[in-house]
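# Please find the sequence and the predicted model below.
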Amino acid sequence: MHLMQRPFNTSLRLALRWFLSVLCVLSAFSIKAQWTAGPNDTLIVPFVVYGGDTMTYREFDMVYVFGKMTEAQKEAYRKWTRLRNAVYVTYPYAKKAGFVFNEINQHLQHVTDKKKRAAYLKSKEGALRKEFTTPLTNLSVYQGKILMKIINRETDNTCYDIIQEYKGNFSAKFWQTVAWIFGSSLKQDYDPKGEDAEMERIVQEVARMYGYT
């Protein structure tokens with residue numbers, strides 16, 4: 001009976017060895033498959049080809065380098081800032097005034113009676129004084145200059161022309177003299193393609209901000 005069990009035991013040992021070998025191979029394959037499929041196995045990075053070699057690269061955040069301004073540049077920047085601030089302050093008043101003056105011109109085209117014209121102008125003058133007197137008296141002389149230029153832009157008339165039209169020649173000359181004493185002029189024209197080109201760019205910026213364009 002011992003002799004009959006030996007082949008069986010031998011076959012059993014061989015089968016067990018084969019099973020264990022297969023199990024080891026499958027285990028190794030499973031471990032390898034898990035490793036290659038892991039989240040940290042491969043890092044995907046940008047690359048460039050330089051001189052025939054492939055190499056990784058990285059884009060850094062933008063770095064701004066500013067040089068020191070010269071005195072002339074500083075002075076130009078101060079003037080630009082002053083102009084920009086003045087336009088921001090005065091543009092709403094100039095826009096409103098331009099609207100009122102244009103409205104007056106359109107209305108008076110159909111009014112020929114002098115008394116009716118005078119009464120209409122007086123009513124409009126009262127409304128303008130009520131709305132603009134306080135804020136305009138707080139403007140500086142420089143801001144006043146900018147205001148008159150922008151009014152000319154909005155109405156195609158100088159402030160002198162407007163006053164002369166509505167208040168008479170004497171009144172216009174009087175206010176021109178006052179403006180001259182303060183270093184300004186009611187006869188300022190607006191030249192968007194010449195000396196006022198920088199102001200025009202700022203006016204367009206402000207107009208967009210206030211929703212006029």
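Done, it's in.
# ranges for the helices of this protein?
Counting by DSSP state H, the chain has helices at residues 2-36, 71-108, 114-137, 141-155, 159-167, 169-181, 197-209.
# any idea of the angle the shortest one forms with helix 71-108?
Per axes from the mean of the first three to the mean of the last three Cα atoms, to 10 degrees, the angle that helix 159-167 makes with helix 71-108 is 20 degrees.
# among the helices of the chain, which gets the worst mean confidence?
Mean pLDDT across those is lowest at helix 2-36; the value there is a mean of 50.
# Tell me how far stretch 190-206 lies from the chain's centre.
Relative to its chain's centre, stretch 190-206 lies at 17 Å (Cα atoms, centre = their mean, to the nearest Å).
# And for stretch 88-99?
Using Cα atoms, centre = their mean, the offset of stretch 88-99 from its chain centre is 21 Å.
# Can you point out the buried residues in that stretch?
Across stretch 88-99, burial judged by 16 or more other Cβ atoms under 10 Å covers 88-91, 93-95, 97-98. Heads up, the C-betas are built off the backbone N, CA and C, glycines and all.
# what would these look like in CSV with distance to residue 139?
Below are the buried residues of stretch 88-99 laid out as CSV (distance: Cβ to Cβ, whole Å):
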residue, distance to residue 139
88, 12
89, 7
90, 7
91, 12
93, 8
94, 11
95, 15
97, 13
98, 17
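# Looking at these, which one is closest to residue 136?
Within these, proximity to residue 136 (Cβ to Cβ) peaks at residue 93, which comes in at 6.7 Å.
# right, and that closest one touches residue 134 too?
No - counting by Cβ atoms under 8 Å, residue 93 stays clear of residue 134, with 11.3 Å between them.
# who touches residue 148 in this structure?
158-159, 184-186, 188 (Cβ atoms under 8 Å, 6 or more residues apart in numbering).
# Filter the residues you listed down to the buried ones and express that as a PyMOL selection.
Typed into PyMOL, the line below selects the buried ones among those, using 16+ other Cβ under 10 Å:
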select buried, resi 158+159+184+186+188
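# biggest separation within the contacts of residue 148, which pair?
Every pair of those checked by Cβ to Cβ; the farthest is 158 and 184, at 11.8 Å.
# right, and residue 98 touches residue 152 too?
No - counting by Cβ under 8 Å, residue 98 stays clear of residue 152, with 9.2 Å between them.
# Quickly note the distance from the closest residue to residue 86 other than its chain neighbours to residue 72.
Of all residues not flanking residue 86 in the chain, residue 146 sits nearest, at 4.2 Å (Cβ to Cβ, 6 or more residues apart in numbering). According to Cβ to Cβ, to the nearest Å, residue 146 stands 23 Å off from residue 72.
# Who has more neighbours out of the two?
Taking other Cβ atoms under 10 Å, residue 146 and residue 72 do not tie; residue 146 has more neighbours (27 against 8).
# how much space between that one and residue 136?
Applying Cβ to Cβ, the value for residue 146 to residue 136 is 12 Å.
# Equivalent analysis for residue 101, please.
Counting by Cβ to Cβ, the gap from residue 101 to residue 136 is 15 Å.
# Looking at those two, which has the bigger crowd around it?
residue 101 (21 against 16).
# Just to check, that one is in contact with residue 157?
Yes - using Cβ under 8 Å, residue 101 is in contact with residue 157, at 7.3 Å.
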